[in-house]
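> Show me how the following folds:
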Amino acid sequence: MNLRLLLSLLLIAGMIFVSSCGSEEKQPELDKIDSVDELIEEMEAPAETIEDTVEAVIETPAEVKVDADDTKKPAAESTPQPKAGDYSTKPLEGTVVSLNALVMGGNGKVSKAEAQNLQSSGNLILFRATNGTVYFVYNEDGSFAGKRLANFANNDKVGLLGKAKTVNGINTFVMTLIEGM
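Below is the predicted model of the structure:
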């Protein structure tokens, strides 16, 4: 056990020695200096430096084109792509469905009257996007939007504006606007 401690101390001492020897500053030669004033002047004198030659390279970014009149224009003038789940400008399309009808193996499609009856009795009315993803839809104030969805159940296609996100594995949609398409 003492051998391990001794080896550890030697290793640490070696690391300190190596790190302290890292800088190579020019030390004045004491045998050539006659007075303290000359020693101070030697210490304050700037060290000799080696100048590196660096060649500057200017590159034009790939997304910028330079026309003949030297004006810069973006290569592709397109609108920025919205983030995943952001349907604030382009609606998420789908249909109004009943959770009961989906669970029982159906396609979930219900009429407006059926959806309103199911919703008033406490059953969930949901939204199924055209890609098959089912969303629990909420209003901006945080309330469940089943009643608003039920009013659009007769439409073959419905569009929702808002933001989609997945919370603990459950797909949710905070709706700002709903329209029949």
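> CA only for contacts and neighbour counts going forward, please
Will do.
> phi, psi of I178?
phi -130, psi 140 (degrees, to the nearest 10).
> can you offset everything so residue one is 10?
Got it, the first residue is 10 from now on, which makes the last one we talked about I187.
> okay but it is in contact with G171, surely?
No: the pair formed by I187 and G171 falls short of the contact definition of Cα atoms under 8 Å, at 9.1 Å.
> higher neighbour count, the two?
G171 (22 against 17; other Cα atoms under 10 Å).
> And the helix or strand containing the more buried one, what does it pack against?
Element membership for G171 (DSSP states H and E) is strand 167-176. With contacts taken as 3 or more Cα pairs under 8 Å, 6 or more residues apart in numbering; DSSP states H and E, strand 167-176 sits against strand 95-107, strand 179-189.
> Output the contacting helices and strands for the longest one.
Packing contacts for strand 95-107, counted by 3+ Cα pairs under 8 Å, 6+ apart, involve helix 121-129, strand 134-138, strand 167-176.
> Mind doing that once more with 7 Å?
The elements that strand 95-107 packs onto, with contact taken as 3 or more Cα pairs under 7 Å, 6 or more residues apart in numbering; DSSP states H and E, are strand 134-138, strand 167-176.
> now the ones you listed as TSV including distance to N109?
Putting the helices and strands packed on strand 95-107 into TSV (distance: least, Cα to Cα, whole Å) gives the following:
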stretch	distance to N109
strand 134-138	9
strand 167-176	20
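> Any idea how many residues pack against A159?
A159, neighbours per other Cα under 10 Å, totals 27.
> list the contacts for it?
K121, A124, Q125, I134 (Cα atoms under 7 Å, 6 or more residues apart in numbering).
> ok, now which ones touch L111?
Contact partners of L111, counting by Cα under 7 Å, 6+ apart, are G117.
> I'd assumed D165 was in contact with T104.
Yes: with contact defined as Cα atoms under 7 Å, T104 reaches D165; the gap is 6.4 Å.
> Mind checking which of the two has more residues around it?
T104 (25 against 12).
> Just grab the bridge partners of that one for me.
For T104, the beta-bridge partners under DSSP bridges are R137.
> per-residue pLDDT, it?
At T104, the model reports a pLDDT of 92.
> quick one: it from S120, how far?
Noted for T104: a distance of 11 Å to S120, by Cα to Cα, to the nearest Å.
> rewinding a little: quick one, which of the helices and strands packed on strand 95-107 gets closest to L18.
strand 167-176 (53.3 Å; Cα to Cα).
> Can you list the buried residues in that closest one?
Buried positions in strand 167-176, judged by neighbour count with 16 or more other Cα atoms under 10 Å: V167, G168, L169, L170, G171, K172, A173.
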